[in-house]
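In: Pasting a predicted model and its sequence here:
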Amino acid sequence: MKQSLALVSLVVPDYDEAIAFYVGVLGFRLVEDTYRPEQDKRWVVVAPPGSPGPGLLLARATNAEQATRIGNQAGGRVFLFLQTDDFDRDFRRYTERGVEFVRPPKQEDYGKVAVFRDPWGNLWDLLQPSGGVAHATPAPGPGTLTGACLCGRVRFTVTAALPGPDACHCVQCRRQSGHYFVSTNVPRSAIAIDGLDGVTWFQSSAKVRRGFCATCGSALFWDPPAKDWIGVAMGAFDAPTGTRLEMHIHVAEKGDYYEITDDLPQHPH
Ligand SMILES: [Zn+2]
Ligand SMILES: [Zn+2]
C-alpha cells in the first residue's frame, strides 16, 4: 500500500494576504490559484520550493466559526514543520524579511530548529535535520539517476529504479513533444527537483498538468497532482537508465508520418 499526504488546509482571512506572506516572504511557490465557480471559492495551493511533497491549501474562512480558527489551528502548539537543506540561509533570509521568530535557533540532537509565527499566529518549526535532509537533492550514489532540461536551468535527481516507460501517441503528447512522448512514472518521494521555479506548468486536462522549462521549453514532467507519482521525460535523463520502453499507448491517435516497427504491445487508448 502506498499513500501520501496530499494537502493540508490552512484557514486564512484572505487569499491574497496569505499568498503575499507564503509566496512573497517565505518564498513558497504558487502551485495553483484557480476560481471554482460552483463553490464560489478560489483553490489556492502553495508549497515550499523544491518540495514534491504536500502543499498547503489556503482556505479562506467563510463563517464566524472558521474565522475563530485563523492562526490557531493547533491550540498554541507548533502546527507546521518546514524542513530546509540550509537552516542558516533561511533563518537569515526570513529575519531580514521581518518574520517573527518566537524561539531562537537551537541545535538539538535531531537537528537545528527555531520557531516562527506567521502573521496570523500559526507556529512553524524551521528545521534542518542532522545528518541528511529528506527533501534535499539526494547525494549521487548507486541507483541515483540525474537529468535536466536542454538549457540546464531545471535539474532533477531520482533515487529509484525506473519502471519501464510508455510511448504515448495521444495528440497532447505529440503536440508537447513534437513526436510521441516517452515518460516513466517516478514516486514523488524519490525525485528531487532543482530549479523548480524555472518550471512552467500547463494544465492539459482536468487532472494533469505538464511541466516545461520556462527558458528552453523542454518537456520534463507529466504531473497528475492527485497521484503519488510523477511522469518524467525519459529523454531528459543524463545517462542510460537501465530501463527499456514497454509499450505504445494511445496509438489510435498516432501520427501517420511514421510506422511503429518494434514488436512492443500497442494499446489503442
Ligand atoms: Zn531549460
Ligand atoms: Zn499522451
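Out: Arrived safely. Ligands and ions are numbered 1, 2, ... in the order given.
In: and the closest residue to Asp228 other than its chain neighbours, what does it touch?
Out: Take Asp228 and drop its neighbours on the chain: the residue closest to it by Cβ to Cβ, 6 or more residues apart in numbering is Ser4, 4.7 Å away. Every C-beta, even on glycine, is put in place using the N, C-alpha and C of the backbone. With contact taken as Cβ atoms under 8 Å, 6 or more residues apart in numbering, Ser4 is in contact with Gly53, Pro54, Arg188, Ser189, Asp228.
In: tell me the SS of the closest residue to Gln73 other than its chain neighbours?
Out: Leaving aside its sequence neighbours, Gln73 sits nearest to Phe79 (Cβ to Cβ, 6+ apart; 5.6 Å). Judged by DSSP: H, G, I helix; E, B strand; the rest coil, the three-state class of Phe79 is strand.
In: List the residues that contact Phe79.
Out: When contacts are taken as Cβ under 8 Å, 6+ apart, Phe79 is in contact with Gln73, Asn122, Leu123, Trp124.
In: among these, which one has the lowest pLDDT?
Out: By pLDDT, Gln73 ranks lowest within these, coming in at 92.
In: got the contact list for the strand or helix carrying Glu65?
Out: Assigned by DSSP states H and E, Glu65 belongs to helix 64-69. Among residues not part of helix 64-69, those counted as contacts by Cβ under 8 Å, 6+ apart are Val11, Pro13, Ala59, Ala61.
In: mind running it again at 7 Å?
Out: Helix 64-69 is touched from outside by Val11, Ala61, with contacts defined as Cβ atoms under 7 Å, 6 or more residues apart in numbering.
In: Any buried residues in it, and which?
Out: Residues of helix 64-69 classed as buried: Arg69 (neighbour count, 16 or more other Cβ atoms under 10 Å).
In: Export only the CA atoms of it, formatted as CSV.
Out: C-alpha atoms of helix 64-69 as CSV (Å, rounded to 0.1, in the frame of the first residue of the first chain):
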residue,chain,number,x,y,z
ALA,A,64,-17.6,33.1,12.1
GLU,A,65,-16.6,29.6,13.4
GLN,A,66,-13.9,29.3,10.8
ALA,A,67,-12.7,32.8,11.5
THR,A,68,-12.0,31.8,15.1
ARG,A,69,-9.5,29.2,13.9
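In: can you offset everything so residue one is 357?
Out: Okay, using 357 as the starting number, the last item reads as helix 420-425.
In: could you give the mean pLDDT of that helix?
Out: If you average the per-residue pLDDT over helix 420-425, you get 93.
In: got the contact list for Ala608?
Out: Taking Cβ under 7 Å, 6+ apart, we find Ala608 in contact with Pro624, His625.
In: hmm, back to that, the residue nearest to Asp584 belongs to a helix?
Out: No. Secondary structure assignment (three-state DSSP) places Ser360 in coil, not in a helix.
In: measure it to Leu366 for me?
Out: Distance, Ser360 to Leu366, by Cβ to Cβ, to the nearest Å: 18 Å.
In: swap in Leu438?
Out: Look at Leu438 and Leu366: by Cβ to Cβ, they are 13 Å apart.
In: The two: who's more crowded?
Out: More crowded of Leu438 and Leu366, by other Cβ atoms under 10 Å: Leu366, with 22 against 16.
In: show me what contacts the nearest residue to Leu620 once chain neighbours are set aside?
Out: Across the structure, with Cβ to Cβ, 6+ apart as the measure, the residue nearest Leu620 apart from its sequence neighbours is Met603 (5.3 Å). With contacts defined as Cβ under 7 Å, 6+ apart, Met603 is in contact with Asp522, Leu620, Pro621, Gln622, His623.
In: Distance of the third one relative to Ser539?
Out: Computed as Cβ to Cβ, the Pro621 to Ser539 distance reads 17 Å.
In: now the fourth one
Out: In this structure, Gln622 and Ser539 are separated by 17 Å, where distance is defined by Cβ to Cβ.
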